[in-house]
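J.: quick one, what's the 3D model for this:
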Amino acid sequence: MSKEGRFRWRYLALTLLVIALVALFLWLVDFATLFQTLETANLAYLALGLLFFALGSLTLSARWRYVLSNRPAYPPTFYTDAIAFMANVWAHIPAPLSRVFGISRVSPVTIPQASSGVVVERLFEQIMRLTALVLTITLAVSGENQGANIVTGAAVIFAAVIFIFWLVRNQEKVILPLSRLFGRLPRLNEARVRGVLEELLSGLSSASTPRQLFVGLLLSAITWGFFYGFHLFTLLSIATELPPQELAGMAALALAVAPPSAPAMIGIFHGVLIGALSLAWPRQVTLITAYALLLHAVQLFFWTPTGLWGLTRVDFRLSALLSQRQAQNKAPQPGEQLPAADQDG
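T.: Residues are numbered from 1 along each chain as shown. As a prediction, this is how the structure comes out:
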């Protein structure tokens, strides 16, 4: 099957998933209570949530610029991020693709360099997601087990950081055996797999020293701290009657399943968030649904005007983004010759 055909099937599957999730919400949610919850939301807490979301968005762009070795200036970095996240929230255009394409249009950073930077960001995100999950588990227990969970969680996070640093220094030890292993699969060969792995891991050079790794993790912690404030104050706007520990745990789990690098795509965001939180708090489905709707509303409220403003500040058009998305579906396999226009970036 061609890449265009696979894309169409994925889009169809995504559409069916959204329809199924909507049907599930219609069946489970008490809409009278839902509307009442939304109508009585505390606007002061929502304003604080919006403030923390804005601060988190600013530091997210600062981390992206640091991962790219500070080559792009900060203003165009933030503008292209705003456009990318606006497109992601409204049209399901993947934010990583938009950020890579956008930054290559407004800075000396090339598409391959930006693509490698996305890999580094995802590594940082996985460490912070693990931290959020550990926080959720810690808040869900009490007494003697809580101390043990904190120690265990800290050990797991420390081990993850050490593994990333080892991976940075020993890429060849990973690439060689994996390329041989996956090269035996149908429609793959060792050279092709090796090329893909080298491209994915090349961006790790921006975290090749303890200092670079520490700064990247520090920026990630600051970013996630702001976004945790966004999740917590948004929840507080509709759930002040919940115990503080339950509020903190619910916000931490929401942050873990909907991290800063994954904006609120309509339907998918709601389904993932409501599904994950409902497993932990099955009696709070209506409250959780209201929570997901408010989180999405704040992101729409921030990214829509900010993204439109970004379009007036940089040479980055949504039509070019859509063209790049179509080109990605027809992109050649690793090792094939790129057209001259694509090589120029």
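
J.: do you know how far residue 44 is from residue 57?
T.: Note on residue 44: its distance to residue 57, by Cβ to Cβ, to the nearest Å, is 21 Å. Any C-beta I mention is one placed from the backbone N, CA and C, and that applies to glycine too.

J.: neighbour count for the two, which is higher?
T.: Taking other Cβ atoms under 10 Å, residue 44 and residue 57 do not tie; residue 57 has more neighbours (24 against 11).

J.: ok, and the closest non-adjacent residue to that one?
T.: Spatial nearest neighbour of residue 57, excluding adjacent residues (Cβ to Cβ, 6 or more residues apart in numbering): residue 302 at 6.9 Å.

J.: on the three-state scheme, that neighbour is what?
T.: helix (DSSP: H, G, I helix; E, B strand; the rest coil).

J.: can you give me every residue that contacts the nearest residue to residue 219 once chain neighbours are set aside?
T.: Among residues not flanking residue 219 along the chain, residue 63 sits closest, at 4.0 Å (Cβ to Cβ, 6+ apart). Shown in contact with residue 63 (Cβ atoms under 8 Å, 6 or more residues apart in numbering): 121, 124, 216, 219, 220, 223.

J.: please work out the average pLDDT along the helix or strand hosting residue 192.
T.: Residue 192 belongs to helix 190-202 when elements are defined using DSSP states H and E. Regarding helix 190-202, the rounded mean pLDDT is 70.

J.: repeat that for stretch 139-156.
T.: On average, stretch 139-156 scores 59.

J.: so is residue 37 in a helix, a strand, or just coil?
T.: Residue 37 - assigned by three-state DSSP - is helix.

J.: pretty sure it contacts residue 287?
T.: Yes: Residue 37 is within contact range of residue 287, at 6.5 Å (criterion: Cβ atoms under 8 Å).

J.: and the closest residue to residue 41 other than its chain neighbours, what is it in contact with?
T.: Leaving aside its sequence neighbours, residue 41 sits nearest to residue 237 (Cβ to Cβ, 6+ apart; 4.6 Å). Residues near residue 237 by Cβ under 8 Å, 6+ apart: 41, 42, 43, 44, 45, 46, 49, 294.

J.: got phi/psi on residue 237?
T.: phi -70, psi -20 (degrees, to the nearest 10).

J.: same check, this time on residue 260
T.: Per degrees, to the nearest 10, the backbone of residue 260 is at phi -60, psi -30.

J.: let me know the pLDDT of it.
T.: At residue 260, pLDDT is 72.

J.: of the contacts of residue 63, which is the nearest to residue 230?
T.: residue 223 (10.8 Å; Cβ to Cβ).

J.: pull out the buried positions in the host helix or strand of the closest one.
T.: In this assignment (DSSP H and E), residue 223 forms part of helix 210-236. Buried positions in helix 210-236, judged by neighbour count with 16 or more other Cβ atoms under 10 Å: 212-213, 215-217, 219-220, 222-236.

J.: which stretches in the stretch 1-150 of the chain count as helices?
T.: 3-28, 31-39, 43-67, 74-91, 95-106, 111-140, 144-169 (DSSP state H, counting those that start in this stretch).

J.: so which of these comes closest to residue 254?
T.: The nearest among those, by Cβ to Cβ, is helix 111-140 at 8.9 Å.
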